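Engineer: Could you work out the structure for the sequence below:
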Amino acid sequence: MNQHMLIAPEVRDALRDGLPVVALESTIISHGFPYPANVECARETERNVRECGAVPATIAILEGKLKVGLAADEIEHLASAGNIIKASRRDIPVLISTGQDGATTVAGTMLIASMAGIRVFATGGIGGVHRGAQESFDISADLLELARTDVAVVCAGAKSILDLGLTLEVLETHGVPVLGYRTDEFPAFYTRSSGHGVDRRFDSATEIARVIWTRRELGIIGGTVVANPIDAEHELDPEWLDGIISQALASADEMGVSGKELTPFLLGSIHGLTLGASEVANKQLVYSNARLAAAIASELVSLVD
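Structural biologist: The predicted structure follows:
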């Protein structure tokens, strides 16, 4: 692994010394926001992790190397270059062997974080089962990665462009626990509720860390979803948003957008249709998830001690 992975000194030292580390994805930089909002979001997310007592480790693939912890110029490159490939599990060996750059998805980030020994990951929302998957079979690799990789993913639920009921069914089938942080409902990314429940509610980072630690002690394979609703002050109106999502889905269908290009297209369309309100909400939920992930990572370290 050493020949393929480069861990930033700060992250390497934290892992060696048993300090809390939080993994962060890079697709949100290359494909989540326009420039320079993507740089701002990446830096602010890292700042939130640090302020809560953990070390941020933004993950990407640069020149065929798995990079765990990025420098400022590397974040700028991911944010401004127009040819960064979205990297999930299946893409990683190709990008390494060809020396290319890749922005890691939830699945890709989970895999590399696990290789590096990082057990907590903060993101915006996980991927899931796309609407109409009964015909398209379009199901995110994130769900299968959660079934087999021991990383806890702190998220604002799944993106509301998805079929959330079927997403939760797939997670249940694969034995992935969905824990609600101060909520009984699975959040829907831009909104606090979805009409679907979580497996169990917990009101503290300590309780969640104990569940994660117990799974590891029992040798149970796979990750954990920690569902953290967007703060009420930043939530978008559900009925208004549902109409906008319908417009975005119709546009994608009309233009024949599918596969890994679908989610960025839909998020971009929603950003335009909401006149930027969705971008503000997206940033705020990411920052909230970063803070909670740092708290959970800190509690996990104390359990090890």
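Engineer: Please make it C-alpha for all contacts and neighbour counts, starting now.
Structural biologist: Fine.
Engineer: pLDDT weak spots in the stretch 1-150 of the chain?
Structural biologist: Along the stretch 1-150 of the chain, segments meeting pLDDT under 70 span 1.
Engineer: give the contact list for M115.
Structural biologist: Counting by CA atoms under 8 Å, 6 or more residues apart in numbering, M115 touches no other residue.
Engineer: Residue numbering should commence at 37 henceforth.
Structural biologist: With 37 as the first residue, the last one maps to M151.
Engineer: so which strand or helix has it?
Structural biologist: Element membership for M151 (DSSP states H and E) is helix 142-152.
Engineer: May I see the buried residues of that helix?
Structural biologist: Residues of helix 142-152 classed as buried by neighbour count (16 or more other CA atoms under 10 Å): V142, A143, G144, T145, M146, L147, I148, A149, S150, A152.
Engineer: same check, this time on stretch 100-112
Structural biologist: G100, K101, L102, K103, V104, G105, L106, I111, E112.
Engineer: which one of the buried residues of helix 142-152 is nearest T209?
Structural biologist: Checking these against T209 by CA to CA gives A143 as the nearest, at 17.8 Å.
Engineer: now stretch 190-206: how far from the chain's centre is it?
Structural biologist: 12 Å (CA atoms, centre = their mean, to the nearest Å).
Engineer: Tell me which stretches of this protein form helices.
Structural biologist: Applying DSSP state H to the chain gives helices spanning 45-52, 63, 73-87, 108-116, 128-134, 142-152, 169-172, 177-184, 200-209, 241-254, 274-291, 298-309, 313-340.
Engineer: Tabulate the ones you listed in JSON lines, adding columns for distance to I266.
Structural biologist: Formatted as JSON lines, those follow (distance: least, CA to CA, whole Å):
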{"stretch": "helix 45-52", "distance to I266": "28"}
{"stretch": "helix 63", "distance to I266": "20"}
{"stretch": "helix 73-87", "distance to I266": "15"}
{"stretch": "helix 108-116", "distance to I266": "24"}
{"stretch": "helix 128-134", "distance to I266": "31"}
{"stretch": "helix 142-152", "distance to I266": "18"}
{"stretch": "helix 169-172", "distance to I266": "26"}
{"stretch": "helix 177-184", "distance to I266": "20"}
{"stretch": "helix 200-209", "distance to I266": "16"}
{"stretch": "helix 241-254", "distance to I266": "16"}
{"stretch": "helix 274-291", "distance to I266": "13"}
{"stretch": "helix 298-309", "distance to I266": "17"}
{"stretch": "helix 313-340", "distance to I266": "5"}
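Engineer: returning to what we had before: now the helix holding M151 and helix 177-184, what's the angle there?
Structural biologist: With axes from the mean of the first three to the mean of the last three CA atoms, to 10 degrees defining the directions, helix 142-152 sits at 30 degrees from helix 177-184.
Engineer: Could you check the angle helix 142-152 makes with helix 45-52?
Structural biologist: 60 degrees.
Engineer: roughly how far is helix 142-152 from the heart of the chain?
Structural biologist: That offset, for helix 142-152, works out to 11 Å (CA atoms, centre = their mean).
Engineer: related to what we said a few turns ago, which of the buried residues of stretch 100-112 lies closest to Q136?
Structural biologist: Of all the buried residues of stretch 100-112, Q136 sits closest to G100, with 5.0 Å by CA to CA.
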